[in-house]
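Enquirer: sequence first, then the predicted structure, then my questions.
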Amino acid sequence: MAAKVGGPVVWVVDDDPAVREYLQWLIESVGLGVSLHADANQFLDAYDPNQPGCLLCDVRMPGPSGFDLQSELAARRIRIPLIMMTAYAEVPMAVRALRSGAFDFVQKPFDGQVLLDRVREAVEADQRTRESRQATAEIAARLEQLTERQRSVLEGLLAGKPIKAIAADLGLSPKTVDVHRIRLMERLHARSLPHLFQLVFQTRQGGS
């Protein structure tokens, strides 16, 4: 089943048709889109990284397991909130999933309301992450638009140098350096120097 475009989608990967049917009914009952897949490869072929949502995946399936899919997602740098599902819950299994970045680990049979709550939380987490990535991309674009002189002033500020020291390094007057500082802060929409540093460091670290 294809995912809906325009709203969050819960991707379901489970080899049991009855489980897929139940999850479709449960998730659609709260107005979320659902995309059903019988195995990991089907999901990977259909997945659209631009589509917000989360992933519900069974641990034990014919072919690639849920852990195999989790590893493949990491290799492809796909950061979608993953809720692992299993009828054979064991502590080491849960620890492995969560340490590898799973959003949650749930046991079958489900408590429908509890599962829906976790799905909503996962979808909201994905939305926050996407908003953060978008903000980081916008800051990176503004950084690219800085003049060479503004970049030099910025690097001096990031190194903790006072305006007079930056001016001496660049052969400029302190007043000129301060003008460059003001303009680069305006370009980056920075409210203060600490905010400026936060924006630049966040961008250089690649965002959330």
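Expert: Cool, got the structure.
Enquirer: run a quick neighbour tally on residue 55.
Expert: Neighbour count of residue 55, defined by other CB atoms under 10 Å: 27. Where C-beta positions appear, they are placed from N, C-alpha and C, glycine not excepted.
Enquirer: wasn't it part of a strand?
Expert: Yes - using DSSP: H, G, I helix; E, B strand; the rest coil, the secondary structure at residue 55 is a strand.
Enquirer: residue 80 is in contact with that one, correct?
Expert: Yes - assessed by CB atoms under 8 Å, residue 55 is found in contact with residue 80 at 5.1 Å.
Enquirer: mind listing the shared neighbours of the two?
Expert: With CB atoms under 8 Å, 6 or more residues apart in numbering applied, the overlap between the contact sets of residue 55 and residue 80 consists of residue 11.
Enquirer: what strand or helix carries residue 194?
Expert: For residue 194, the host element (DSSP states H and E) is helix 193-204.
Enquirer: buried stuff in that helix?
Expert: Going by neighbour count (16 or more other CB atoms under 10 Å), the buried part of helix 193-204 is 196, 199-200, 202-203.
Enquirer: repeat that for stretch 79-94.
Expert: Residues of stretch 79-94 classed as buried by neighbour count (16+ other CB under 10 Å): 80-86, 93-94.
Enquirer: what residues does that stretch touch?
Expert: 11, 14, 19, 47, 49, 53-60, 66, 70, 73, 97, 101-110, 118-119, 122-123, 125-126, 129.
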